[in-house]
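*Asks:* after the sequence you'll find the predicted model.
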Amino acid sequence: MLNIIAGSLSVGVTPSTSSYESIATVTVGAGGTGTVSFTSIPSTYTHLQIRGLFGANSSGQAYSINFNSDTGSSYSYHYLAGQGSSAFTGASTSRTFTLLTDTSGSGVTTSPTAFVMDLLDYRSTSKNKTMRTLIGNDANGSGQIYLVSGLWFATPAAITSISLGGLSGATFTQYSSFALYGIKGA
């Protein structure tokens, strides 16, 4: 990324755009959806990144991530968050999902939530999978930001599918957009 910025500023560095490759994009249609999935993920990259911009159907909802259709108690997460002048943390283990975010705040239904999530060593069959997400929204002036780390500690397997979903009736509204990228290694 720094190479691209430096190259575009003409500081003697050739921009490289070959580190990230688009794998798939999903845009939510009319009526919204409770789940967005990426399937048949190729094993040709070192890491994955998901970038998203979504609307929430109501405030106070939470959104989750599952890998390879696993809904067993094989996930954990930690988060550090800030909202206005308040900071808060949380953690949970032996969950049936890892956390994407919750959408507390009064303006989240009119202000989109944006995130960037990195999934590290997704194709390894010898390690548990880790992810980190930076996510936030303006919420009409009472915004929030989260830094979330998650772990999938099922029997180590390559990630071949990813599902992002709403919990307890939460949905992604129409025009929400999600893009999956493969990150090449050295």
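*Replies:* That came through, no problem.
*Asks:* centre of the chain to stretch 172-180, how far?
*Replies:* Distance, stretch centre to chain centre, for stretch 172-180: 12 Å (C-alpha atoms, centre = their mean, to the nearest Å).
*Asks:* list the buried residues of it.
*Replies:* Residues of stretch 172-180 classed as buried by neighbour count (16 or more other C-beta atoms under 10 Å): F172, T173, S176, F178, A179, L180. Where C-beta positions appear, they are placed from N, C-alpha and C, glycine not excepted.
*Asks:* Three-state assignment for the residue most central in space within the chain, please.
*Replies:* Note on the chain: the residue nearest the mean C-alpha position is M117, at 4.0 Å, using C-alpha atoms, centre = their mean. What DSSP: H, G, I helix; E, B strand; the rest coil gives for M117 is strand.
*Asks:* so how far is I23 from it?
*Replies:* M117 sits 14 Å away from I23, going by C-beta to C-beta, to the nearest Å.
*Asks:* please, where are all the strands along this protein?
*Replies:* Applying DSSP state E to the chain gives strands spanning 20-27, 35-38, 47-54, 62-67, 75-83, 86-95, 98-102, 113-120, 129-137, 144-152, 162-166, 177-183.
*Asks:* what mean pLDDT would you report for the last one?
*Replies:* What that stands for is strand 177-183. Averaged across strand 177-183, pLDDT comes to 96.
*Asks:* in its sheet, what does that strand sit against?
*Replies:* strand 20-27 (antiparallel), strand 47-54 (antiparallel) (DSSP bridges).
*Asks:* any weak-confidence spans in this structure?
*Replies:* Low-confidence segments of the chain (pLDDT under 70): 1-18, 59-60, 103-110, 139-141, 186.
*Asks:* how does it look with 50?
*Replies:* Applying pLDDT under 50 to the chain flags the ranges 1-3, 5-11, 106-107.
*Asks:* before we move on, back to that, which of the strands paired with strand 177-183 sits most buried?
*Replies:* Each of the strands paired with strand 177-183 was assessed for mean neighbour count using mean count of other C-beta atoms under 10 Å. The highest is strand 47-54, with a mean of 20.
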